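Engineer: sequence and computational prediction follow.
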Amino acid sequence: KGEAAYFEPDPMQLAAAEAPDEGEHDTVLIVTKLSFAEGPRWSFIERGSTVVAKIEDKDFWEDVHQRKYKFAEGDRLRVRLHWKIVEKAGKPKSDNTVVKVYEVLPRPRQMRLDGGKDDDIVAQPMRKVRRNEE
């Protein structure tokens, strides 16, 4: 009976949430919707998920206004992304901010085995459509 105290379990404590509510990481975002005004948010794709974020990098905006960049479909930004989980209308939402734009990356182009670029070739339809002739 003297050793019974050694076998007592520790008092139960609620574990803190394992996932943080806020953080920053470097990532590459594919631009899907942009605005040349500094207020509205841009839309991106990151690892298959949609990310909506405001860009707060003053140097990036200065370069945009000086026409240093040309944006086209599929262009990407290598950025420092700050994210925070907030509650809106009783539901958790992600609030994202691009803190720093390191570089603008043009859409990668796929090279063909014959040395040409896929983007330079108009693809023919994969299937032929049969039409019923009467």
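Structural biologist: Great, that's in hand. Numbering: from 1, shown residues only.

Engineer: the protein: helices as residue ranges?
Structural biologist: 58-65 (DSSP state H).

Engineer: quick check, pLDDT for the closest residue to Asp59 other than its chain neighbours.
Structural biologist: Nearest residue to Asp59, sequence neighbours excluded (CB to CB, 6 or more residues apart in numbering): Val101, at 7.8 Å. Glycine gets a C-beta too; all of them are placed from N, C-alpha and C. Note on Val101: pLDDT of 96.

Engineer: list the contacts for Val101?
Structural biologist: By CB atoms under 8 Å, 6 or more residues apart in numbering, the residues touching Val101 are Ile55, Asp57, Asp59, Phe60, Leu77, Arg78, Val79.

Engineer: the residue nearest to the first one when sequence neighbours are not counted: neighbour count?
Structural biologist: In other words, Ile55. Leaving aside its sequence neighbours, Ile55 sits nearest to Val98 (CB to CB, 6+ apart; 4.4 Å). Residues near Val98, counting by other CB atoms under 10 Å, number 22.

Engineer: swap in Gly90?
Structural biologist: 5.

Engineer: and if you look at the one 5 residues further on?
Structural biologist: Other residues lying near Asp95 total 14 when counted by other CB under 10 Å.

Engineer: what's opposite it in the beta bridge?
Structural biologist: Lys84 (DSSP bridges).

Engineer: how close does it get to Gly23?
Structural biologist: Going from Asp95 to Gly23 by CB to CB, to the nearest Å gives 12 Å.

Engineer: so for the two, which residues contact both of them?
Structural biologist: Trp83.

Engineer: good, wrapping up.
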